[in-house]
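S.K.: Next one to model:
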Amino acid sequence: MNTVRRGATALAAATVLLCTGAAGIAGAATAAPSPTPSPVPVPDGLYGTKDPTYDGVWRQSLAFLAQRATGYQPSDQAVEWLLGQQCADGSFSSFRADAAAPCDAKTMRDSNATALAVQGLRAVRQQSGSPETIDKAVKAGSDWLRTVQNKDGGWGYSPGGPSDANSTSVVVGALAATGVRPGSFTSAEGRTPYDALLTFALPCSDKEGPGAFAYQPDKAGKLLANADATAAATLAGLGKSVVATKASPEQPPVCNDLSKPTVERAALNGASYLAKTLGKSGHLNLPPMPGAADTSEQPDVGNTADAVVALAASGASAEAKPALEWLEKNSAGWAKEGGPAAYAQLILAARAMETDPREFGAADLVEQLNATGPAPKTPDTSASSTSDDEGGFDVWWIIGIGTVVGVGIGFLVSGRKK
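M.R.: Residues are numbered from 1 along each chain as shown. The predicted structure follows:
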């Protein structure tokens, strides 16, 4: 996500610009949003006014998820815009200025944008005027993701690229959104997305990042702790996504290596790393960017919001509370500059902690998000917020059925999407 599309997306965008990081996930390069007007005309139906080149599909999809999580349905115009961005093979790129032109070999397909679009479209399906059209788009996107799964079971930002924790995590959400258990989604070599995630997990004995996840191994093959990748992989390892809510019962996160690692245990170790890192200042800091000034002491608002969701989902909402309070006091300027994806991230963090996003500090995040694009449909206050088809993300996004065993946690991983 620019500031918002951290992790995988950011790294890919930065690579294009230089040569942002995502999961940055949900993941894109973490460059701060540009204050200059967009050099690319922003089409009708798209949320936000900034250049959509690297995050158009991402921010639209994330806005959909936040709106449905708060009871709103995006306008038909907004949904049609996102549908129009899909290529005939089911994939999405970050943004296509001329959606009427068919995708070809030069079209830069994006696993992150595709995965989040699948989730965003699935979320708005029931309230849309064309659920059959959305079903086809969701299936096509999911099918395309299967075709670009790497041998190790994971995904890279671009087809054929090496797997990374952020991209693999956002695809886990897309699989669950379509009713597929990610643990059963195997490559030709029999590897699952969870097999890939475990290769990015640092042991509790690591001095620099005990329990964290790396984005990818560095050039020497060493795993380096990455908070953005850790937040994404913690959610994915628990079978959850960015619309996850507070898990019960509450449990302080503890790092504990097992003789036979499980993805659930690795996810809880990731939560432990996030809790300790947040505990130092109440927020995470921006990671270093190639060729940029030192950002190690600059708060990373978006990644802090993602970490809040990950901690709440792991049963560590007490550890996440100080960070949420920090966000309430310090995120207004960042959100205004970042636009729809930034507002969406904050809404999902508030929702995960059972805090009203309409009273987030001095801000009404829902009103601010809705104002960045076509007016959404008025919410149906009589509808259940937990129904599968009416936006019940808690049901959709949790995958697998049964109690997570061997990891010392008491919440159920019940079956759903991203």
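
S.K.: Give me the pLDDT value at M289.
M.R.: Looking at M289, its pLDDT is 64.

S.K.: where does this protein have low pLDDT?
M.R.: Scanning the chain for pLDDT under 70 picks out 1-38, 289-296, 380-418.

S.K.: so where do the strands sit in it?
M.R.: Secondary structure of the chain by DSSP state E: the strands cover 22-27.

S.K.: any idea how far W81 is from the nearest residue to L274 once chain neighbours are set aside?
M.R.: Sequence neighbours aside, A307 is the residue nearest to L274 in space, at 4.7 Å (criterion: Cβ to Cβ, 6 or more residues apart in numbering). Where C-beta positions appear, they are placed from N, C-alpha and C, glycine not excepted. A307 sits 31 Å away from W81, taking Cβ to Cβ, to the nearest Å as the criterion.

S.K.: Same drill for these two, tell me which one is more crowded.
M.R.: Applying other Cβ atoms under 10 Å to A307 and W81 shows that A307 carries more neighbours, namely 30 against 22.

S.K.: can I assume that one is in contact with A323?
M.R.: Yes: assessed by Cβ atoms under 8 Å, A307 is found in contact with A323 at 6.5 Å.

S.K.: overlap in contacts of these two?
M.R.: Common contacts of A307 and A323, defined by Cβ atoms under 8 Å, 6 or more residues apart in numbering, comprise L278.

S.K.: got a list of what A220 touches?
M.R.: Counting by Cβ under 8 Å, 6+ apart, A220 has no contacts.

S.K.: pretty sure L369 contacts A69?
M.R.: No: checked against Cβ under 8 Å, the pair L369 and A69 is beyond contact range at 10.6 Å.

S.K.: Quickly list what's touching both of these two.
M.R.: I347.

S.K.: So A99 versus R68, what's the distance?
M.R.: In terms of Cβ to Cβ, A99 sits 23 Å off from R68.

S.K.: Looking at these two, which one has more neighbours?
M.R.: Using other Cβ under 10 Å as the criterion, A99 and R68 rank with R68 on top: 26 against 15.

S.K.: That one is in contact with Q126, isn't it?
M.R.: No: contact criterion Cβ under 8 Å: R68 and Q126 do not qualify, at 9.4 Å.

S.K.: Contacts only, for the residue nearest to L274.
M.R.: 227, 230-231, 274, 277-278, 284, 320, 323.

S.K.: again, only this time at 10 Å
M.R.: Applying Cβ atoms under 10 Å, 6 or more residues apart in numbering to A307 gives the contacts 227-228, 230-232, 234, 270-271, 273-275, 277-278, 283-284, 300, 319-320, 323, 349.

S.K.: Of those residues, which belong to helices?
M.R.: 227-228, 230-232, 234, 270-271, 273-275, 277-278, 319-320, 323, 349 (DSSP state H).

S.K.: All the helices of the stretch 51-200 of the chain, residue numbers only.
M.R.: 56-69, 76-84, 111-124, 131-147, 165-177, 193-198 (DSSP state H, counting those that start in this stretch).

S.K.: most packed of the ones you listed?
M.R.: helix 165-177 (a mean of 33; mean count of other Cβ atoms under 10 Å).

S.K.: Could you name the helices and strands sitting against that helix?
M.R.: helix 8-18, strand 22-27, helix 111-124, helix 131-147, helix 193-198, helix 227-237, helix 393-396 (3 or more Cβ pairs under 10 Å, 6 or more residues apart in numbering; DSSP states H and E).

S.K.: count of neighbours near the closest residue to Q251 other than its chain neighbours?
M.R.: Counting by Cβ to Cβ, 6+ apart, G315 is the residue found nearest to Q251 once chain neighbours are left out, at 4.4 Å. As a burial measure, G315 scores 22 neighbours (other Cβ under 10 Å).

S.K.: Kindly report the same for A266.
M.R.: A266, neighbours per other Cβ under 10 Å, totals 26.

S.K.: which residues touch it?
M.R.: 194, 197-198, 200-203, 211-213, 233-234, 237-238, 257-258, 407.

S.K.: at 7 Å what do you get?
M.R.: Applying Cβ atoms under 7 Å, 6 or more residues apart in numbering to A266 gives the contacts 197-198, 201, 237.

S.K.: which ones are touching the closest residue to it other than its chain neighbours?
M.R.: In this structure, A266 finds its nearest non-sequential neighbour in A201, 4.1 Å apart by Cβ to Cβ, 6+ apart. If a contact means Cβ under 7 Å, 6+ apart, then A201 has 213, 261, 266, 269 as its contacts.

S.K.: what do you get for E328?
M.R.: So E328 contacts 360-361 (Cβ under 7 Å, 6+ apart).

S.K.: Please repeat the previous calculation with a cut-off of 10 Å.
M.R.: So E328 contacts 346, 349-350, 355, 359-363 (Cβ under 10 Å, 6+ apart).

S.K.: go on, P217?
M.R.: Applying Cβ under 10 Å, 6+ apart, the residues contacting P217 are 162, 164, 199-200, 223-224.

S.K.: gap between stretch 107-116 and the chain center?
M.R.: 13 Å (Cα atoms, centre = their mean, to the nearest Å).

S.K.: Renumber starting at 251 from here on
M.R.: Happy to do that; since the first residue is 251 now, the last one works out to stretch 357-366.
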